[in-house]
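**Q** this one's sequence-less:
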């Protein structure tokens, strides 16, 4: 149905991919960097330029949901009531995170969160939670609850956007090319240094 170009520049590694009907037909990774604020601006500017110049539709896929894709594709046997917690390292003990059901319905909306031993305690008392992403790696030493499960080596990559972008395409959920702005989560200031 759709041929979609995916651009991922929010993480540690820049990547692009092309999917046809939900399956990846090309993917490439670039050198490490840039960081989250700069990376988002570069990726969105490039995507908007391509869409505007070719009169194409713009699809925005939430970064944290992209992190869940490789986990969900490889672990369809997890508990029915399990929650998924993708995390992006935001320096020190802060992460950008959200909490989703297996169907990627939000339980806790996207936020910046300082992690301590009580983080997600209420949800962990009721559900197993699978933590993943660059932020989860540093939380392994802090969150010790028996329902906390940490999945290693889950990284952002454009090819993991394909199933999510295909769903948005089929539902006709497109962004306004002229006015779309990425979700920076935190305001940029002249004294603020890039988070990644």
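**A** Everything's here; your move. If you're wondering where the values come from, they're calculated on a predicted model, not measured in any experiment.

**Q** which residues are contacting the lowest-mean-pLDDT helix or strand in the chain?
**A** One helix or strand of the chain scores below all others by mean pLDDT, DSSP states H and E: strand 23-32, with a mean of 81. Here strand 23-32 makes contact (Cβ atoms under 8 Å, 6 or more residues apart in numbering) with 12, 13, 14, 15, 16, 17, 18, 19, 157, 158, 159, 162. Quick note: C-beta positions are derived from backbone N, CA and C, even for glycine.

**Q** same check on stretch 5-16?
**A** 17-19, 27-34, 36, 39-40, 42-43, 46-47, 50, 61, 63, 66, 88, 134, 155-159, 161-162, 165, 196.

**Q** and that stretch, how far out from the chain middle?
**A** In terms of Cα atoms, centre = their mean, to the nearest Å, the centre of stretch 5-16 is set 11 Å apart from its chain centre.

**Q** going forward, begin numbering at 456 instead of 1
**A** Taking 456 as the first residue, the last one we looked at is stretch 460-471.

**Q** assumed residue 527 was part of a helix.
**A** Yes: Residue 527 forms part of a helix when assessed by DSSP: H, G, I helix; E, B strand; the rest coil.

**Q** what's around it, how many residues?
**A** Other residues within reach of residue 527, judged by other Cβ atoms under 10 Å, total 18.

**Q** Provide a list of residues in contact with it.
**A** 539, 557.

**Q** compute the distance between it and residue 586, please.
**A** 14 Å (Cβ to Cβ, to the nearest Å).

**Q** got it, and residue 557?
**A** Distance from residue 557 to residue 586, by Cβ to Cβ: 15 Å.

**Q** when the two are compared, which one has more neighbours?
**A** The neighbour count for residue 557 versus residue 586, taken as other Cβ under 10 Å, is higher for residue 586 (27 against 17).

**Q** check the secondary structure at that one for me.
**A** Per three-state DSSP, residue 586 ends up strand.

**Q** ok, it touching residue 607?
**A** No: when contacts are counted by Cβ atoms under 8 Å, residue 586 is not listed as touching residue 607 (10.2 Å).

**Q** what distance separates the start and the end of stretch 544-553?
**A** End-to-end distance of stretch 544-553 (Cα to Cα, to the nearest Å): 13 Å.

**Q** what does that stretch rub up against?
**A** 491, 518-519, 540-543, 561, 563-571, 588-594, 597, 640, 650-651.

**Q** show me those that map onto helices.
**A** In helices, defined here by DSSP state H, the members of the contacts of stretch 544-553 are 491, 518, 519, 589, 590, 591, 592, 593, 594.

**Q** no further queries at this time; thank you.
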